[in-house]
Structures are given as C-alpha cells and as structure tokens.
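>>> Have a look; sequence and predicted model below, questions after that.
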Amino acid sequence: MALSIVILAAGQGTRMRSDLPKVLHPLAGRTLLEHVIAATGGLGADAVHIVYGHGGALVPERLAGLAVTWVEQRERLGTGHAVAQALPGIPDAHTVLVLYGDVPLIETQTLVRLVAAAGGRGLALLTVELPDPTGYGRIVRDGTGAVRRIVEEKDAGPAERGLREVNTGILAAPAGALRRWLAALDCDNAQGEYYLTDVVAMAVGEGVPVATVAPGAVEEVQGVNDRIQLAERERDHRRREARRLLRAGVTLADPDRIDVRGPVRAGRDVILDVGVILEGEVELGDRVRVGPYTLLRNVHVGADTEILSHSRIEDAVIGARCRIGPFARVRPGTELAAEVHIGNFVELKNAQVDAGSKINHLSYVGDTSVGKRVNIGAGTITCNYDGANKHRTVIEDDVFVGSDTQFVAPVRVGAGATIGAGSTITRDAPAGELTLSRAPQQTRPGWKRPVKKPRD
C-alpha cells in the first residue's frame, strides 16, 4: 500500500506565550514535531508532508535537515483547508495518514493498525473514550454502532455533548476520495472553518467503510496547547520510557525519577539510581550501575562498570569494569579501555586512556593519550591550549605522575617514566627515568609575618 503522511504543524500556539512556534518546543530532548516524525519512521511511507503556518518559517528553518516536504498554509482556514494544501503532491492511489505536530506521544504500532484498518479504500479514525470529553469532537454512531459523523463541541447539542467517544483528529483515507471530499467542504459552522472531520459524513454518504481504532494508551493522543500540557506530556513520556526499561529488565530506584531522552539499549541486571538522565543514544552493558543525578549523553558503557553520583559523560566510550566518579566529567571524544578509574572532580576531554590506568583526583586531562597501567596523581593538568591551537600530550605505559604536575603540550612521556610531584614538564621525558622540575626549597631564618597596626 502506497502511503503519504501529512502532519499539520501550522498552529500558532498562542497559549504557550512564546515567540517559538508550538511544534518547536522541546520534549524529552527533541521538538514536539520531531517526536511525531519519529513515530512515522516504521511505516514505510513514500513521503512526509508537513504543513506549517504563514509566518512560521522558523519551523522548516530549524528542522531543515529532515527528509520531508514543507507546505505552507498561507491562511488559517481550518484543518480541512490545511490538509488540502498538501494534497497536490500526493497521488490519488496513495493512502493519506493525517497527524498533528503537537501530539508527540503517538506510537508507531497504533499508526500501523490505523493504516491497516483503512485498507487502502476505506476511512479509518483514531478515537478514544474519555471520562471528560470537553473540548473534543464527538463520534456519532447509529443504532448498529456504525460511525455516522463527527460533531465538533461548539456545534453539538446536549445529547451529543454527552457522548464520551471522541475524535483525536488522526485519520487515514484514500487520497483520491479525500481530495474530492475536501473540495466539497464548506465553512458553515460555529468556527467559520473548513473542518477535516466533515469528511466522515461524506464518506458515510458514499458508502465508504468507516473504521475506528483505539490507541494503546490515552496519552498517545493528548496534545500540547500550553505549558501545563507540555509538562504533563513530559511526565507521560518519562513514565512510558521508565516502563520500557523495567520491562527490559533494568532496575530503577524510582521510576518517577528517571529521564530518558533517546534510544537506550541495556544489558542484564543494569541498575539506575534516582535522577539519572539518559540522552541521545545510550548503550549500557551487563551489570552496569549508574549512581544518582548522573547524565549520560551518546555513551557506550561496557559491562560491570560503575558510574558514581553527579557525573556527566558525553559522546564517549567507556570500557568494561571501569569506575567513574563521583563528580566526574567525561567530555566528547574520550575513550576509556577496561578497568580504568576516573575519580572525583576529574575532567577528561578527547582523551584515550588505556587499560588499568588511574586518574583518581582533581585533574584535567585533555587531548591526551594515556597508556596502560598509568597512575596520574591529584591536581595534574595537561596544558593543551596555547591560546590559538590545541596540542597533544602522550603518556606511555607504566608511567607514574606525581601530584600537582603540569604537562605543557606538545609533550611525550616515555614508558615507565616517573614524574616528580610539583613538576612543570615542557619537554619530552625519557622512558624509565625520574624527571622533575622544582624551585629550590628555602627557609628564611628570623622572618616574621606582617601584623596589623594597632588602632588608636
């Protein structure tokens, strides 16, 4: 079945009270619109058309890298008019799936079922029953349970307002028929707009089968119109992702205090403490333990590694059986081999640290290659930036670096070397030797500290 997707993203979002178009507001690390587009990724669509509003050019500008067709709706004349703007680029033989850029939690499997229900020739609606349907269009059925029409709340009578099955706005229909129905719409209603929902009665009048599909959960079809609803959708997303991790066998200290903002792959017996944030693509090996209030962004973590509290690791590869933190920062480009220890208040940037090495306290190691079994003492700094360019430090296997050492790059330390504490190393240090640089220690007999003069 050939499929074209139309995502309506032209709403101004005035209740957001923001200069940013509504569909560009972030939820769990990406925009509302990107969540909707991601949900269509498994449908095998031939094209995705996004209808944005006049004056909303910031939407295609910010998301220019997406493989979609942008369609401008120059006048805001309702949902039927918005869908009609995209139809010229869609062949009659296609099924059209209509989605909304401010309904971010729709699931791919729900959309698969909806498209299948349309069957290429029929109309399929995504509907849901709500205890309080206020604000939604109601689904009107006949005595046999067949859908007859949708009535918007402002146009509904008392009996129709009592109905609890509501229209979500999401539907699938044959493009040729949809084109015909939209051309026949009028705006004789309370809003003075061309309602997409009016095509349902037209389909019924033509004898086109109308099917309904329910989402797996209500939050899939709940939209975002203000900051309160944005926060509610963020909470819904957090809980949904927590459930997925729990079903995958991950232990969560508190499922309400975990944030997942991208795809996560986790091995067996992974433990995540409270306040952990997982962003981008994260892979956690077997028996990984992550301490409280830690952020992992685009990180691969090997088996049996422990990351202690308040650590931040970004765009890095962490080997097996490592120990990191607490309060460690691992910046982009860093790769740690197996059994590396990175301690409290240590920062790494674009550093490669080989197996069994330790940087345990209060150090900065940037643009550096560290060999095997190296011990770097507290307060060590690689001075990699000269104010204009970055330079590299190379520390070979089995080096011992005393505390409070500065390596002024570019510099190389040979295998098995020892660097005395308090040294500033500006030239290559030979393998197997002790290298140090210290000012001579002096004692000045009789020296007295200054004292304050007595007040009058």
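The structure has been received and is ready for your questions. Residues are numbered from 1 along each chain as shown.

>>> can we go C-alpha only for contacts and neighbour counts from here?
OK.

>>> what's the distance between stretch 174-194 and the middle of its chain?
When distances are taken as C-alpha atoms, centre = their mean, to the nearest Å, stretch 174-194 is centred 36 Å away from the chain's centroid.

>>> oh sorry, the question was meant for stretch 366-386
Distance, centroid of stretch 366-386 to centroid of chain: 32 Å (C-alpha atoms, centre = their mean).

>>> Let's see the distance spanning that stretch from one end to the other.
13 Å (C-alpha to C-alpha, to the nearest Å).

>>> in that stretch, what's buried?
366-384 (16 or more other C-alpha atoms under 10 Å).

>>> Which segments of the chain make up each domain?
As assigned by automatic domain parsing, the chain contains the domains 3-221, 251-435.

>>> Would you map the helices across the chain?
32-39, 58-62, 79-86, 108-118, 158-161, 175-183, 199-205, 227-247 (DSSP state H).

>>> Mean pLDDT lowest where, among those helices?
Lowest mean pLDDT within these: helix 158-161, a mean of 90.

>>> by contact count, what packs against it?
Packing contacts for helix 158-161, counted by 3 or more C-alpha pairs under 8 Å, 6 or more residues apart in numbering; DSSP states H and E, involve strand 138-141.

>>> returning to what we had before: buried deepest among the domains of the chain, which one?
domain 251-435 (a mean of 21; mean count of other C-alpha atoms under 10 Å).

>>> measure it end to end?
End-to-end distance for domain 251-435: 48 Å, by C-alpha to C-alpha.

>>> Pull the residues that contact stretch 261-274.
28-30, 248-254, 257-258, 277-293 (C-alpha atoms under 8 Å, 6 or more residues apart in numbering).

>>> quick one on the thing from earlier: same list as before, the helices of the chain that is, but in JSON lines and with distance to Ala124 included.
Shown next, in JSON lines, are the helices of the chain (distance: least, C-alpha to C-alpha, whole Å):
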{"stretch": "helix 32-39", "distance to Ala124": "18"}
{"stretch": "helix 58-62", "distance to Ala124": "29"}
{"stretch": "helix 79-86", "distance to Ala124": "16"}
{"stretch": "helix 108-118", "distance to Ala124": "5"}
{"stretch": "helix 158-161", "distance to Ala124": "21"}
{"stretch": "helix 175-183", "distance to Ala124": "12"}
{"stretch": "helix 199-205", "distance to Ala124": "9"}
{"stretch": "helix 227-247", "distance to Ala124": "25"}
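
>>> Among those helices, which comes closest to Glu433?
Closest to Glu433 of the helices of the chain is helix 227-247 (C-alpha to C-alpha; 51.3 Å).

>>> Quick one: residues contacting the closest residue to Glu433 other than its chain neighbours.
Nearest non-adjacent residue to Glu433, counting by C-alpha to C-alpha, 6 or more residues apart in numbering: Ala417, 5.0 Å away. Ala417 is in contact with Asp398, Val399, Phe400, Ala429, Pro430, Ala431, Gly432, Glu433, Leu434, Thr435, counting by C-alpha under 8 Å, 6+ apart.

>>> just for this structure, where's the confidence low?
Within the chain, no range satisfies pLDDT under 70.

>>> repeat that for 80
Counting by pLDDT under 80, the ranges of the chain that qualify are 12, 54-55, 188-190, 456.

>>> Can you give me the distance of Asp132 to Ile228?
Noted for Asp132: a distance of 18 Å to Ile228, by C-alpha to C-alpha.

>>> ok, back up a step: okay, and which of the contacts of stretch 261-274 map to strands?
Using DSSP state E, the subset of the contacts of stretch 261-274 located in strands is 30, 251-252, 258, 277-284, 289-290.
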